[in-house]
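Engineer: Provide a 3D model corresponding to the input given below.
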Amino acid sequence: QEAHSLVGQEIPITTGQALSNNFDNAFRTTQRQNVGIELTVRPQVNSSGTVKLNLRLEVSSIAGPVSSDNSDLILNKREVETVRTVDDGQIAVISGLLDDNERRTIEKIPLLGDLPVLGHLFTSKAKQRSKTNLMIFIRPTILRTAGDSRRITEQRYGYLRLQQGLAEPEREPSIDQLVRDYMGAAPPIPSAPIPGSIEDPRIAVPVRSTSTVFRPVQK
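Structural biologist: Here you go, the predicted structure:
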């Protein structure tokens, strides 16, 4: 089954413009377009135990309007589409999406900044340049049984508890409060981390049984 993830926003893009029969009522037709980081993954498990990944990554951003008289937007877009075959638990990396931006700004005092010869004394110029290289790491894991699914869930749950416990050692992890107080379930006791995992076995965040929850009064 294909998985799709978008981190960004939807913006309206003008696709057409027309006038009424009397030429007195102009209207536009628009469509919504995604802008941001968009990742599509379609996995396929082979009989040999390997995983074939059909990957498509698109990174887009708004460059600005076409001109001062035209409000249509210019979009920057970088896209890569590839197929990778990896073993169960192996990490696949997508890279090469380079972005080089240069921004120039000019600020000046009205009237004084336009004076000949002396105008530069009332004007400031700045140039900012940034280079980014986006890299995506994907590690497919084959879940053959319900126990495999439960084990992965407990590992991810334990990792989130660990990070929240490190950030706020004096407070109960908010993920435990969410599971217990709003989902009505007992927080799972994190299992021992597997060798080579990102969890630190020296740090443990205790699971608390109760907490005080303030709920809005329903009228």
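
Engineer: now for the longest strand anywhere in the chain, which elements pack on it?
Structural biologist: Selection of the longest strand in the chain by residue count, based on DSSP state E, yields strand 26-45. Using 3 or more CB pairs under 8 Å, 6 or more residues apart in numbering; DSSP states H and E as the contact criterion, the secondary-structure elements in contact with strand 26-45 are strand 3-19, strand 51-67, strand 123-138. C-beta: built from backbone N, CA, C; applies to glycine.

Engineer: and after the second one, which helix or strand comes next?
Structural biologist: Following strand 51-67 in sequence order, the next helix or strand is strand 70-86 (DSSP states H and E).

Engineer: export the helices and strands packed on strand 26-45 to JSON lines and tack on distance to L75?
Structural biologist: Shown next, in JSON lines, are the helices and strands packed on strand 26-45 (distance: least, CB to CB, whole Å):
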{"stretch": "strand 3-19", "distance to L75": "8"}
{"stretch": "strand 51-67", "distance to L75": "6"}
{"stretch": "strand 123-138", "distance to L75": "17"}
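
Engineer: returning to what we had before: for the longest strand of the chain, which residues meet the burial criterion?
Structural biologist: Of the residues in strand 26-45, those buried under the neighbour-count criterion (16 or more other CB atoms under 10 Å) are V35, I37, E38, L39, V41, P43.

Engineer: Which strand residues bridge the closest residue in space to V83 that isn't next to it in sequence?
Structural biologist: With CB to CB, 6 or more residues apart in numbering as the criterion, V83 has its nearest non-adjacent residue at 5.5 Å, and that residue is N54. Taking DSSP bridges, one obtains R42, V83 as the residues bridged to N54.

Engineer: Which other helices and strands does the lengthiest helix in the chain contact?
Structural biologist: Using DSSP state H to define each element, the chain has its longest helix at helix 146-167. Packed against helix 146-167, as judged by 3+ CB pairs under 8 Å, 6+ apart, are the following elements: helix 174-177.

Engineer: from the chain's centre, how far out does stretch 160-169 sit?
Structural biologist: The gap between the average C-alpha position of stretch 160-169 and the chain average comes to 21 Å, counting by CA atoms, centre = their mean, to the nearest Å.

Engineer: hang on, the earlier thing: just the helices and strands packed on strand 26-45: most buried one?
Structural biologist: strand 51-67 (a mean of 15; mean count of other CB atoms under 10 Å).

Engineer: I'd like to know the average pLDDT value across that strand.
Structural biologist: Per-residue pLDDT values across strand 51-67 average out to 84.

Engineer: quick one: T85 and R161, what's the gap?
Structural biologist: 34 Å (CB to CB, to the nearest Å).

Engineer: between these two, who's got more neighbours?
Structural biologist: Here T85 and R161 are set side by side on neighbour count (other CB atoms under 10 Å), and the busier one is R161, at 24 against 13.

Engineer: My read is that that one contacts S174, right?
Structural biologist: No: the pair R161 / S174 is not scored as a contact, 9.4 Å apart, by CB atoms under 8 Å.

Engineer: Can you pull the domain assignment for this structure?
Structural biologist: The chain resolves into domains spanning 3-20+28-96+131-142, 143-210 when parsed by automatic domain parsing.

Engineer: between those, which one is nearest to S124?
Structural biologist: Taking CB to CB as the criterion, S124 comes closest to domain 3-20+28-96+131-142 out of the domains of the chain, the separation being 21.6 Å.
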